[in-house]
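> Structure of the sequence below:
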Amino acid sequence: MRWLALLLALVAGPALAQTRPITLIVPFAAGGATDAIARLVGEHMGRTLGQVVVIENVAGAGGTIGSERVANSAPDGQTILINQLALLAAPGLIPNLRFDTRTAFAPVGLVNTGPTVLSARRGLDQPLAWLRAQGERANIGHGGLGTSGHLCALQLAQALRIPVTLVTYRGGGPAMNDLVAGSIDLLCDQSTNAIPQLTAGTIQGVLVTSATRLPPIPTVPTSAEAGVPGVNLHVWHGLYVARGTPPEIINRLNAALRSAVADPAILARFAQLGTTPFPPADQTPERHGDLFTAELERITRLLAEAGVRPGG
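Model (predicted):
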């Protein structure tokens with residue numbers, strides 16, 4: 001009978017492996033833009049894959065704690081990372097980084113892309129003129145080192161040619177809470193985090209970093225219209241697994257992601273939040289890898305131009 005039990009275990013092994021929960025690591029606090037996107041696509045991917053996708057928020061150190069967790073995970077596709085520009089900025093910002101951004105991950109696919117939004121606390125009159133006058137006495141929040149909000153704030157300071165005080169949070173959720181409460185003056189963040197509060201009237205929009213205004217917030221001017229065309233940062237999310245994950249597993253995850261970002265309900269939610277999926281031709285792991293390489297160079301250059309150094 002022992003041989004029969006062993007045979008059954010061997011046969012059942014692959015099936016059991018397919019029903020294990022997948023962990024989708026969000027390297028920022030709950031309630032922010034990356035967290036919201038992860039929950040939208042993760043739930044849909046789980047249904048496609050026939051597996052539960054568990055969202056786990058592992059915040060800290062500009063998203064590198066959660067990213068390191070995935071870099072060191074087994075290359076079996078059971079632990080996935082969703083990240084934005086912070087992953088690309090990490091080598092230029094975090095001293096003694098314990099993984100190599102260029103080689104630690106295998107790209108799975110691109111999720112969405114959209115602009116950032118500069119918002120201000122309610123009651124702040126003429127925010128850009130006020131910011132020019134206040135300089136370092138004003139504070140601008142962002143969701144973490146290297147995030148789109150951080151890079152947008154650096155661009156803004158460069159465009160206005162003024163020093164500013166940057167306030168770093170463990171994610172866009174806590175940062176937005178403080179802006180709504182009036183504890184900080186301004187916040188650079190993804191449109192997906194800003195739009196719900198702007199439409200609710202709890203904060204005021206200053207500018208969007210897109211070429212045209214966003215339909216959900218049509219009264220908020222573009223950066224060019226606001227007189228700071230140099231503030232033009234867009235954010236994108238991608239999914240990653242540990243380097244060495246077999247191609248067949250990556251392709252299976254990519255197919256589930258493609259299904260999610262083609263779902264009309266998710267597309268409608270994306271539109272409400274001012275973001276869009278990538279064109280189908282750009283949704284492959286290979287195109288994701290190409291964009292990753294190009295953007296890594298661009299973000300490295302942006303940080304150098306801003307005079308930012310690891311730990312500085």
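
> For the rest of this, base every contact and every neighbour count on C-alpha atoms.
Noted.

> what's downstream of the lengthiest strand in the chain, the next helix or strand?
Identified as the longest strand of the chain according to DSSP state E is strand 105-121. Remark: after strand 105-121, the chain's next helix or strand is helix 127-134, criterion DSSP states H and E.

> mind checking how far that following helix is from the chain centre?
How far helix 127-134 lies from its chain's middle: 28 Å, per Cα atoms, centre = their mean, to the nearest Å.

> now the angle from it to strand 105-121?
Orientation note: helix 127-134 sits at an angle of 90 degrees relative to strand 105-121 (axes from the mean of the first three to the mean of the last three Cα atoms, to 10 degrees).

> packing partners for the helix or strand immediately after helix 127-134 in the chain?
Counting by DSSP H and E, the element after helix 127-134 in chain order, helix or strand, is strand 139-142. Judged by 3 or more Cα pairs under 8 Å, 6 or more residues apart in numbering; DSSP states H and E, the packing partners of strand 139-142 are helix 148-160, strand 165-168, helix 172-181, strand 186-190.

> Contacts for stretch 68-77 next, please.
Residues from elsewhere that reach stretch 68-77, judged by Cα atoms under 8 Å, 6 or more residues apart in numbering: 22, 25, 79-81, 98-99, 104-105, 241-246, 249-250, 253.

> Emit the ChimeraX select command for whichever of the residues you listed are buried.
This is how ChimeraX selects the buried members of the contacts of stretch 68-77, with burial counted by 16 or more other Cα atoms under 10 Å:
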select :22,25,79,80,81,99,104,105,241,242,243,245,249,250,253
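
> Take the contacts of stretch 68-77 and keep only those in helices.
Judged by DSSP state H, these include 249-250, 253 as members of helices.

> Columns distance to L303 and pLDDT on top of these, output as a markdown table?
Putting the ones in helices among the contacts of stretch 68-77 into a markdown table (distance: Cα to Cα, whole Å; pLDDT from 0 to 100) gives the following:
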| residue | distance to L303 | pLDDT |
| --- | --- | --- |
| I249 | 35 | 98 |
| I250 | 31 | 98 |
| L253 | 32 | 98 |
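
> V58: which of these is nearest?
The nearest member of the ones in helices among the contacts of stretch 68-77 to V58, counting by Cα to Cα, is L253 at 21.3 Å.

> Roughly how far does the closest one sit from L131?
Remark: distance between L253 and L131 (Cα to Cα, to the nearest Å) = 45 Å.

> Now do the same contact list for I184.
Counting by Cα under 8 Å, 6+ apart, I184 makes contact with 121, 139-141, 178.

> repeat that with 10 Å
I184 is in contact with 120-121, 138-141, 166-167, 175-178, counting by Cα atoms under 10 Å, 6 or more residues apart in numbering.

> what's the answer for T113, then?
By Cα under 10 Å, 6+ apart, the contact set of T113 is 84, 190-191, 234-238, 270, 274-278.

> In those residues, which residue is surrounded by the most others?
When the contacts of T113 are compared by neighbour count (other Cα atoms under 10 Å), Q190 ends up highest, at 33 neighbours.

> Poorly predicted segments of this protein, please.
Counting by pLDDT under 70, the chain has low-confidence residues at 1-18, 312.

> care to break it down by domain?
If you go by automatic domain parsing, the domain ranges for the chain are 13-113+236-305, 115-208.

> Just put these in JSON lines and tack on distance to P216.
Converted to JSON lines, the domains of the chain look like this (distance: least, Cα to Cα, whole Å):
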{"stretch": "domain 13-113+236-305", "distance to P216": "6"}
{"stretch": "domain 115-208", "distance to P216": "7"}
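
> just the ones you listed: most buried one?
domain 115-208 (a mean of 21; mean count of other Cα atoms under 10 Å).

> my guess is I140 meets L151, correct?
No. Counting by Cα atoms under 10 Å, I140 does not reach L151; the two are 11.6 Å apart.

> Tell me the residues that contact both of these two, please.
By the contact definition Cα under 10 Å, 6+ apart, I140 and L151 are jointly contacted by 157, 188.

> Quickly list what the spatially closest residue to Q197 that is not a sequence neighbour is bridged to.
Of all residues not flanking Q197 in the chain, I203 sits nearest, at 6.2 Å (Cα to Cα, 6 or more residues apart in numbering). With DSSP bridges as the criterion, the beta-bridge partners of I203 are R121.
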